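**Student:** build me a structure from this.
(one chain, ligands or ions: 2)
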Amino acid sequence: MNKKTTYPKNIFFIGKGGAGKSTSSALTALHLSLNKHKTLLVSMDPAHNQSDIFERRFSEKPVPVNDHLSVIEIDTEKWIDKYLTDIRHQVRRSYSYLTAFNLEKYFDVLKYSPGIEEYALISAFQNILKNAGDTAYLVFDMPPTALTLKFLTLPDLSLIWLNNLLDLRQKILEKKEIISRIKFGHKELETDKIKNNLQQQIATYEQLRALFKDTHQTSLNLVLNTGKLSFNESLLIVKKLEKFQIPVSHIFLNKYHKGFDISHIKKAFKTSNIQILPHYGTELTGLKNLTVYLEKLDRFIEF
Ligand SMILES: Nc1ncnc2c1ncn2[C@@H]1O[C@H](COP(=O)(O)OP(=O)(O)OP(=O)(O)O)[C@@H](O)[C@H]1O
Ligand SMILES: [Mg+2]
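**Tutor:** Ligands and ions are numbered 1, 2, ... in the order given. Down below sits the predicted model:
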């Protein structure tokens, strides 16, 4: 274990479709558990793959695979519904005067509005963290690139909105105060529910933003193959994340064939610390095959 690591450590697997995110996350989770670290493998991809890889059924309830490893699959639809229910309660509480308008219709379309999926994933992620207990490693098998990037940059983008909304609210409150002074001749003492709510949300997103950028708490692993398409998409992912100062910790070069020259990958991603995962020949599934595959590896990256 790395001395500076903060536990639980979040290990994310990202990369182009089919590159091997699910396989790499399964191998990593199994490797950590075989080294006796308590590990939870979490499938965040709505098109879950872990059931096929481990050849057994998983759900939102952790299913043990060995003494140190359990697996869960996030039910995205459930988290979308939960997120919308929470918003419904919040809006009703904060804007009671709005019940005159047809709010229900608004909530019905909100379900299909852009951005909902990543908010739901963030809620699910927060819930995993809250219930992590003494788990040392949380390994996340992530959805396709577009949704994963939205998930990782959500705290930064939400904070831009929230800070602007807080400024606006502050201005409204100042105006309200002036009016109440003129009307009642004294300063109105009030705790503003909306301002409180915004401040709470800002604190939460600031924590998440810091978590994603801190390599002692979070390890972002980019999975790529030897082909041009996954190489180019991986470069774009790194570039996009760099804009948000979110660092990629490791490169996993999957489906590697002996003799393939990796010097351009080392150069492009400015690292020589690349986890090589050779091509297995056939599909890499089943606990036994995964275990034998791990035993044959020369080395495994330390988290
Ligand atoms: N090292 C490997 N050797 C042989 N086959 C592999 C290897 N890694 C992955 N595969 C196979 O390649 C396919 C894609 O792998 P995987 O499902 O892990 O990728 P993914 O990035 O999670 O894909 P998706 O974007 O669809 O979720 C699967 O059929 C898997 O069994
Ligand atoms: Mg997958």
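
**Student:** what are the boundaries of the strands in the protein?
**Tutor:** Taking DSSP state E as the criterion, the chain contains strands spanning 9-15, 39-43, 63-64, 69-73, 137-141, 218-224, 250-256, 274-278.

**Student:** quickly run through the sheet partners of the second one, with directions.
**Tutor:** Each strand that strand 39-43 pairs with, and the sense of that pairing, follows from DSSP bridges: strand 69-73 (parallel), strand 137-141 (parallel).

**Student:** ok, the shortest one next?
**Tutor:** Sheet neighbours of strand 63-64, with direction, are listed as strand 69-73 (antiparallel) (DSSP bridges).

**Student:** what lies in contact with the partner strand?
**Tutor:** For strand 69-73, contacts defined as C-beta atoms under 8 Å, 6 or more residues apart in numbering pick out 29-30, 32-33, 39-43, 48, 50-51, 54, 58-65, 128. C-beta coordinates here come from the backbone N, C-alpha and C atoms, glycine included.

**Student:** could you do stretch 32-41 as well?
**Tutor:** Contacts of stretch 32-41 (C-beta under 8 Å, 6+ apart): 1, 25-26, 29, 50, 62, 65-72, 128, 132, 134-139, 141, 291, 294, 303.

**Student:** now do the buried residues in it.
**Tutor:** Neighbour-count burial for stretch 32-41 flags L32, S33, L34, H37, K38, T39, L40, L41 (criterion: 16 or more other C-beta atoms under 10 Å).

**Student:** one more: stretch 148-161?
**Tutor:** T148, L149, K150, F151, L152, T153, L154, P155, D156, S158, L159.

**Student:** returning to what we had before: of the strands paired with strand 39-43, which is nearest ligand 2?
**Tutor:** In terms of C-beta to the ion, the element of these nearest to ligand 2 is strand 137-141, at 5.9 Å.

**Student:** using CSV, list the CA coordinates for that closest one.
**Tutor:** Extracted in CSV, the C-alpha atoms of strand 137-141 (Å, rounded to 0.1, in the frame of the first residue of the first chain):
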residue,chain,number,x,y,z
TYR,A,137,-10.4,0.0,-2.5
LEU,A,138,-13.5,1.0,-4.5
VAL,A,139,-13.0,0.0,-8.1
PHE,A,140,-15.4,1.7,-10.6
ASP,A,141,-16.1,0.2,-14.0
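
**Student:** next, the angle strand 9-15 makes with that strand.
**Tutor:** 20 degrees (axes from the mean of the first three to the mean of the last three C-alpha atoms, to 10 degrees).

**Student:** could you give the mean pLDDT of strand 137-141?
**Tutor:** The average pLDDT for strand 137-141 rounds to 98.

**Student:** begin at 883 from now on, thanks
**Tutor:** That works, and once the first residue is 883, the last one we named lands at strand 1019-1023.

**Student:** which residues does that strand contact?
**Tutor:** Residues contacting strand 1019-1023 (C-beta under 8 Å, 6+ apart): 889-895, 903-904, 907-908, 910-911, 914, 919-927, 931-932, 1007, 1010-1011, 1014, 1185.
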